[in-house]
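Student: Task: produce atomic coordinates for the following.
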Amino acid sequence: MNAFLAATTLARVGIVTDTANTARRRAIVVTLLRVEALVVFALGAFMVVEAFISTSEAPLALAGVVFFAFLGGTGLLMTARSFATHRNYGRAPAILANAIALGVAYYQAEAHLWIIAIPLFIVALTTFLLALSLTPARAD
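Tutor: Model prediction:
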């Protein structure tokens, strides 16, 4: 009971503490966003390697893909950091990125690339819903 009173008092004065359930959801979101960032970085690195081992007809397009892969990975790491530090600036980008990933998973499923579509759908939906459920604290 004392922990509850302490938490509500801290919430009233603007110092917000997570409940156990919220802390668990926050930790899952941080982990999933970091995994997503690593996958995006790996895809960017794959494209760099692919550029050296194959002939590219559009090197500027390839450079753009690599640039945006590393930019996207960095953005995902920043959103993970915002969740880890209890900040609100990464919530909307995390939700948007995972909503886009859900659309990508849909098109991968339409192309019958199930090995890509199913894991992408599971990770994107889980991250999307958990990020959506972590509402920003109100400072009254």
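Student: what about Thr127, distance to Ser54?
Tutor: Counting by CB to CB, to the nearest Å, the gap from Thr127 to Ser54 is 32 Å. Heads up, the C-betas are built off the backbone N, CA and C, glycines and all.
Student: tell me which element Gln108 is part of?
Tutor: helix 91-110 (DSSP states H and E).
Student: Count the neighbours of Val65 for me.
Tutor: 17 (other CB atoms under 10 Å).
Student: Just give the nearest non-adjacent residue to it, would you?
Tutor: Among residues not flanking Val65 along the chain, Met47 sits closest, at 5.5 Å (CB to CB, 6 or more residues apart in numbering).
Student: Mind pulling the model confidence for that neighbour?
Tutor: Note for Met47: predicted pLDDT of 91.
Student: Equivalent analysis for Val16, please.
Tutor: pLDDT, Val16: 54.
Student: same check, this time on Arg24
Tutor: 92.
Student: how big is the angle separating whichever strand or helix holds it from helix 91-110?
Tutor: Per DSSP H and E, Arg24 falls inside helix 20-53. On the basis of axes from the mean of the first three to the mean of the last three CA atoms, to 10 degrees, helix 20-53 is oriented at 60 degrees to helix 91-110.
Student: list the buried ones in whichever helix or strand comes after helix 20-53?
Tutor: Once the chain leaves helix 20-53, the next helix or strand it forms, by DSSP H and E, is helix 59-84. For helix 59-84, the neighbour count (16 or more other CB atoms under 10 Å) marks 62, 65-66, 69-70, 72-73, 75-77, 79-80, 82-84 as buried.
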